[in-house]
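>>> Would you be able to build a 3D model of this:
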Amino acid sequence: MRHMPEAPRRRWRSSAAVQKRARDLRRTLTPAEQRLWQRLRCGQLGGCGFRRQYPVGPFIVDFFCPAVKLVIEVDGGSHTEQPEYDAERTRWLNEQKAYRVIRFTNEEVQHNIEAVVEAIGAAVKAPPP
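Below you'll find the model as predicted:
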């Protein structure tokens, strides 16, 4: 019997705990995230591929388009209580990864989805940083 060499392990950019948390979050999207995901998935927006609840370093972003380095955050009520955390997270994403971050509230997504999709479409067309 031949001994097969062990396959190289995948190396994640985020810790295993962050990866697990991202998987859990993908299973339990908020209603606003579900609504936006229906408009972003399968290349519906300019042919760009988006990922949902995607781990980036120590953070999990709501939506991410790697082709144009765009992060989309949908902020619910808890974000009004943590503006410093959100600002630090945005700063880190901008500096460490050169990602652009755009934010929308749950209310914007739920009540004005067309304007949100239009703003995302404009961001996708803008040149990356």
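>>> Need the nearest residue in space to residue 72, chain neighbours excluded.
Leaving aside its sequence neighbours, residue 72 sits nearest to residue 63 (CB to CB, 6 or more residues apart in numbering; 4.0 Å). Any C-beta I mention is one placed from the backbone N, CA and C, and that applies to glycine too.
>>> Same question for residue 60.
Excluding the flanking residues, the one nearest residue 60 by CB to CB, 6+ apart is residue 22, at 4.9 Å.
>>> Secondary structure element holding the residue nearest to residue 72?
Using DSSP states H and E, residue 63 falls within strand 59-65.
>>> okay, now the residue nearest to residue 60: neighbour count?
Residue 22 is flanked by 19 other residues according to other CB atoms under 10 Å.
>>> residues contacting it?
Residue 22 makes contact with 14, 53-55, 60, according to CB atoms under 8 Å, 6 or more residues apart in numbering.
>>> what do you get if the cut-off is 6 Å, keeping everything else the same?
Counting by CB atoms under 6 Å, 6 or more residues apart in numbering, residue 22 makes contact with 53, 55, 60.
>>> who's in contact with the residue nearest to residue 72?
Going by CB under 6 Å, 6+ apart, residue 63 touches 50, 52, 72.
>>> Is it possible to get CSV of these that adds secondary structure and pLDDT?
Output for these, formatted as CSV (DSSP: H, G, I helix; E, B strand; the rest coil; pLDDT from 0 to 100):
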residue, secondary structure, pLDDT
50, coil, 95
52, strand, 94
72, strand, 96
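>>> If anything else comes up later, I'll come back, but that's it for now.
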